[in-house]
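Student: Give me a model of this one.
(one chain, ligands or ions: 1)
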Amino acid sequence: MVDIAEDGRTWLLRGPNSSYALHLTEADELLHLHWGPAVALADAEALAVRPLPAYRGFESPLDGHEEYPVEGGPRFVRPALSVRTEERRGTEWAFVDHAVEDGELRLRFRDAGLVITLHYRMRGDVVERWVSLVNEGDTQVELLRADAATWTLPDREDWRLSHLHGRWAAESQLTSGPLTYGEKVIGSRRGHTGHQYLPWVALDTDATEERGEVYGCALGWSGSWRIAVAQLPDARVQITGGAGYDDSGLLMLEPGESYTSPVFAGLWSDGGFGGASRAWHAYQRAYVIPDADRDRPVLFNSWEATFFDIAEDQQAALARRAAEIGVELFVVDDGWFGARTSDRAGLGDWTPNPDRFPRGLAPLADQVHALGMQFGIWVEPEMVNPDSELYRAHPDWVQYQPGRKRTELRNQLVLNLAREDVQEYLWEQLDTLLSSAPIDYVKWDFNRAFTDAGWPGETYPQRLWVDHVHALYALLDRLRAAHPGVAFESCSGGGGRIDLGILSRTDQVWTSDNTDPLDRLAIQHGFSQIHPARIMAAWVTDSPNTQLNDRASSLRFRFVSSMAGVLGVGGDLAEWSEEELTEARHWVDLYKEIRPVVQHGEQYRLRPPTGGLSAVQYLRGDETVVLAWLQAQRYGEPVPALRLRGLDPSASYECRETGEVHCGAVLSHHGLHTALHGDLDATVIRLRRI
Ligand code: GLA
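Tutor: Residues are numbered from 1 along each chain as shown. Take a look at the predicted model:
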């Protein structure tokens with residue numbers, strides 16, 4: 001809902017619990033008015049007449065108050081927009097008009113030939129913001145920087161910043177600390193979203209898990225990006241973010257060309273960090289994730305079971321075992337194509353390896369289907385091994401700087417997806433692959449960062465950073481349209497490409513290559529701050545975890561850890577005993593039963609994984625599921641009870657595990673006891689309102 005003042009210069013966007021307001025002065029300065037609890041248009045108009053601080057020579061009255069600070073004029077904050085033409089640099093805009101269409105507010109400004117449109121759309125309590133730029137002039141305009149949005153927080157003391165940092169196999173680590181004067185910058189200059197930071201920040205002053213104000217911002221972009229959180233000299237806080245890490249050149253807009261930024265979404269919540277997360281989850285399920293109301297199947301993935309050493313019969317044998325334990329989707333990972341018997345060769349040649357799959361993939365896919373499962377396949381289309389047919393034919397199709405060495409990481413180079421011939425090649429290869437066998441699922445990987453991102457012969461080579469992402473999105477969109485039954489998983493060496501942009505065209509993500517069930521609890525805890533369980537793939541692999549740390553853990557602990565998301569199995573089932581397979585079947589059956597609650601329910605983080613007891617609760621209608629893990633019981637102390645949330649205090653809840661009936665108020669106030677004890681123990685508790 002958008003309300004507009006009579007003079008057409010104050011706008012109010014209204015969500016169910018919050019509102020957002022902005023105002024255009026007579027001098028065409030676009031000022032932020034309000035972002036927080038619901039207010040009326042009259043309240044916003046009253047805020048609009050409050051005077052700005054006066055100019056004092058060294059301070060700008062605009063800084064910290066503008067919706068979208070451009071470079072130029074009396075502004076000293078980091079500009080959201082920085083452009084130059086042959087003649088001059090910076091922007092001095094004049095307001096053109098506003099429009100509201102399908103709930104989207106558009107404010108149009110013009111500076112000579114450049115038309116700048118700011119877009120606002122409220123979805124639930126999430127405000128989506130982005131900018132579009134059109135060069136209607138007859139000379140080039142270089143976009144040095146064009147952020148999607150700048151967010152302004154209300155005047156408060158002692159802001160705290162939370163965000164997610166990490167690295168390969170240790171993604172989504174939650175960290176928070178006081179914000180101080182200056183800037184905190186997170187981002188990626190790697191060409192993909194990155195394992196190092198998820199494009200999300202949260203700001204609060206005194207919120208707890210279930211109480212208090214939390215502001216959150218999340219960017220929908222799968223290439224390099226930057227979010228800068230600034231505490232300005234007068235302590236006001238602004239957050240600006242968009243595509244690209246640097247300010248040194250995003251795109252050259254030729255006459256007639258345009259650029260649309262990614263969406264930078266913002267959320268205000270007064271329900272603490274838990275309330276904010278649930279609002280983000282609800283938003284993604286309603287507006288971002290395709291077919292989010294469908295259950296995601298239990299999958300098997302071959303990677304940790306057979307790595308590169310794969311063959312049709314061996315995969316068929318695994319598939320039979322997977323079917324026995326109740327798996328619904330069988331995915332053959334790396335190693336099925338070209339000369340791909342190790343990571344040294346084959347990337348780029350997307351046809352089945354003739355020794356391994358002499359009759360192609362269809363016979364295996366048919367066997368998998370006959371077992372009652374869907375069939376999936378791994379690809380890494382944006383990459384090429386120098387040892388491949390593709391590279392031998394087209395050595396110039398990769399990103400490279402002329403006369404410089406081509407940096408290989410994992411023995412591979414990055415294809416220049418900005419090139420139309422590369423786009424067409426990938427489309428043909430993947431379309432043919434998906435048509436060649438009954439494939440239901442594609443795990444789409446991206447296993448190295450950009451390093452030598454050059455495009456010889458192109459007048460503005462740096463555009464490949466942005467164009468790569470647009471080409472990736474276009475390819476995914478085209479494949480989805482041509483093969484509507486196929487689901488896609490976003491993977492980038494684990495969780496290197498997780499953001500609202502890729503999520504709008506993939507069905508789930510590979511959270512991390514770290515499948516250690518204990519490490520996973522912390523990764524999942526961070527992930528849940530922004531993203532829902534519905535997309536968070538988690539596999540049960542072998543114990544001890546030889547890939548990472550040799551930690552041994554029970555099947556129970558591994559399963560309950562993975563049941564907190566989209567359950568998968570990635571262990572070598574050929575080596576599992578009958579007993580283990582029987583136990584696995586039990587857990588898979590249990591997961592299928594609780595799946596609607598886990599995948600579509602509201603999530604409450606009851607206790608964070610900090611060493612002792614941790615737990616997550618999911619609530620959907622009358623059903624509640626609690627997953628709890630005990631890392632280590634210390635000093636013989638009793639394990640604390642788990643105080644549940646979101647329950648009706650006057651209702652009764654029956655525990656499916658014990659048959660006991662508890663009152664909602666007691667479960668919330670005193671808590672639920674678990675039978676957890678010792679080290680690395682875990683449990684699933686189901687409650688139903690009666
Ligand atoms: C990446 C993925 C793994 C696996 C391998 C295959 O590392 O994250 O899950 O698919 O590539 O090479």
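Student: Just want the residue of the protein that's nearest the ligand.
Tutor: residue 334 (3.5 Å; CB to the nearest ligand atom). For glycine as for every other residue, the C-beta is placed from the backbone atoms N, C-alpha and C.
Student: Quick check: which element contains that residue?
Tutor: Remark: residue 334 resides in no helix or strand, with elements defined by DSSP states H and E.
Student: Just want the phi and psi numbers for it.
Tutor: phi -50, psi 150 (degrees, to the nearest 10).
Student: likewise residue 187?
Tutor: Torsion angles, degrees, to the nearest 10, at residue 187: phi 170, psi -160.
Student: returning to what we had before: which secondary structure element is home to the residue nearest to the residue of the chain closest to the ligand when sequence neighbours are not counted?
Tutor: Nearest residue to residue 334, sequence neighbours excluded (CB to CB, 6 or more residues apart in numbering): residue 378, at 5.2 Å. Using DSSP H and E, residue 378 sits in strand 374-379.
Student: Now the top helix by length along the chain: average pLDDT?
Tutor: The longest helix of the chain (DSSP state H) is helix 578-600. In this model, helix 578-600 has a mean pLDDT of 98.
Student: who does it touch, helix- and strand-wise?
Tutor: helix 312-324, helix 555-562, strand 566-569, strand 613-620, strand 623-632, strand 679-689 (3 or more CB pairs under 8 Å, 6 or more residues apart in numbering; DSSP states H and E).
Student: Whether the helix or strand that the first one is followed by contacts the ligand - can you check?
Tutor: In this case it means helix 312-324. Using DSSP H and E, the next helix or strand after helix 312-324 towards the C-terminus is strand 329-332. No - interface with the ligand: strand 329-332 contributes nothing (CB under 6 Å from any ligand atom), its closest point being 9.3 Å away.
Student: so what strands line up beside strand 329-332?
Tutor: If you go by DSSP bridges, strand 329-332 pairs up with strand 299-301 (parallel), strand 374-379 (parallel).
Student: Next, the contact list for the residue nearest the centre of the chain, please.
Tutor: By CA atoms, centre = their mean, the chain has its centre lying nearest to residue 499, at 2.6 Å. Counting by CB atoms under 8 Å, 6 or more residues apart in numbering, residue 499 touches 193, 198-199, 218-222, 225.
Student: want to throw those into JSON lines with secondary structure, pLDDT and distance to the ligand?
Tutor: Formatted as JSON lines, these follow (DSSP: H, G, I helix; E, B strand; the rest coil; pLDDT from 0 to 100; distance: CB to the nearest ligand atom, whole Å):
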{"residue": "193", "secondary structure": "coil", "pLDDT": "98", "distance to the ligand": "14"}
{"residue": "198", "secondary structure": "strand", "pLDDT": "98", "distance to the ligand": "16"}
{"residue": "199", "secondary structure": "strand", "pLDDT": "98", "distance to the ligand": "19"}
{"residue": "218", "secondary structure": "strand", "pLDDT": "98", "distance to the ligand": "23"}
{"residue": "219", "secondary structure": "strand", "pLDDT": "98", "distance to the ligand": "22"}
{"residue": "220", "secondary structure": "coil", "pLDDT": "98", "distance to the ligand": "22"}
{"residue": "221", "secondary structure": "coil", "pLDDT": "98", "distance to the ligand": "21"}
{"residue": "222", "secondary structure": "coil", "pLDDT": "98", "distance to the ligand": "16"}
{"residue": "225", "secondary structure": "strand", "pLDDT": "98", "distance to the ligand": "21"}
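Student: Compare these and tell me which has the most neighbours.
Tutor: residue 222 (33 neighbours; other CB atoms under 10 Å).
Student: That residue and residue 190 touch, don't they?
Tutor: No - counting by CB atoms under 8 Å, residue 222 does not reach residue 190; the two are 11.1 Å apart.
Student: mind listing the helices in this structure by residue range?
Tutor: Using DSSP H, helices in the chain cover 41-48, 272-283, 303-306, 312-324, 362-370, 389-393, 420-436, 464-482, 500-503, 517-527, 555-562, 578-600, 664-669.
Student: Give me the packing partners of the last one, helices and strands only.
Tutor: On a contact count with 3+ CB pairs under 8 Å, 6+ apart, helix 664-669 meets strand 652-655.
Student: mean confidence score for the strand it packs on?
Tutor: Strand 652-655 comes out at a mean pLDDT of 98.
Student: partner strands of that strand, parallel or antiparallel?
Tutor: Strand 652-655 is paired, per DSSP bridges, with strand 661-663 (antiparallel), strand 679-689 (antiparallel).
Student: What residues does the closest residue to residue 550 other than its chain neighbours make contact with?
Tutor: Excluding its sequence neighbours, the residue lying closest to residue 550 (CB to CB, 6+ apart) is residue 544, at 4.6 Å. By CB under 8 Å, 6+ apart, the contact set of residue 544 is 550-552.
Student: For the residues you listed, which single residue is the most surrounded?
Tutor: Neighbour max across the contacts of residue 544 (other CB under 10 Å) = residue 551, 14 neighbours.
Student: hmm, back to that, and among the strands paired with strand 329-332, the most buried is which?
Tutor: Mean neighbour count (mean count of other CB atoms under 10 Å) peaks for strand 299-301 among these, with a mean of 27.
Student: Against the ligand - does it have any residue that ends up touching it?
Tutor: No - using CB under 6 Å from any ligand atom, strand 299-301 stays clear of the ligand, coming no nearer than 7.1 Å.
Student: So which residues lie in contact with that strand, not counting its own?
Tutor: 318-319, 322, 327-331, 333, 373, 376, 441, 443, 537, 539, 566-570, 573.
Student: sorry, back to before: dump the strands paired with strand 329-332 to JSON lines, plus mean pLDDT.
Tutor: JSON lines is the format used below for the strands paired with strand 329-332 (pLDDT from 0 to 100):
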{"stretch": "strand 299-301", "mean pLDDT": "98"}
{"stretch": "strand 374-379", "mean pLDDT": "98"}
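Student: and of the ones you listed, who's closest to residue 145?
Tutor: Judged by CB to CB, the one of the strands paired with strand 329-332 that comes nearest to residue 145 is strand 374-379, at 33.4 Å.
Student: between the closest one and helix 420-436, how big is the angle?
Tutor: If you take axes from the mean of the first three to the mean of the last three CA atoms, to 10 degrees, strand 374-379 sits at 160 degrees to helix 420-436.
Student: Could you tell me how far strand 374-379 lies from the centre of the chain?
Tutor: 21 Å (CA atoms, centre = their mean, to the nearest Å).
Student: And stretch 271-286, by the same measure?
Tutor: Distance, centroid of stretch 271-286 to centroid of chain: 14 Å (CA atoms, centre = their mean).
Student: now do stretch 108-119
Tutor: The answer for stretch 108-119 is 30 Å, by CA atoms, centre = their mean.
Student: next one: stretch 642-649
Tutor: 29 Å.
Student: Now residue 617. Nearest residue, chain neighbours left out?
Tutor: Nearest non-adjacent residue to residue 617 (CB to CB, 6+ apart): residue 604, at 4.3 Å.
Student: is it true that the one you found touches residue 625?
Tutor: No - with contacts counted by CB under 8 Å, residue 604 stays clear of residue 625, the gap being 10.7 Å.
Student: Looking at the contacts of residue 544, spot the one nearest residue 71.
Tutor: residue 551 (51.4 Å).
Student: if we can go back for a sec, from residue 447, how far off is the residue of the chain closest to the ligand?
Tutor: 9 Å (CB to CB, to the nearest Å).
Student: So which residues on this protein come close to the ligand?
Tutor: Counting by CB under 6 Å from any ligand atom, the residues of the chain near the ligand are 303, 333-334, 378, 445, 447, 491, 493-494, 510, 513.
Student: and those, which are buried?
Tutor: For those, a burial check counting by 16 or more other CB atoms under 10 Å picks out 303, 333-334, 378, 445, 447, 491, 493-494, 510, 513.
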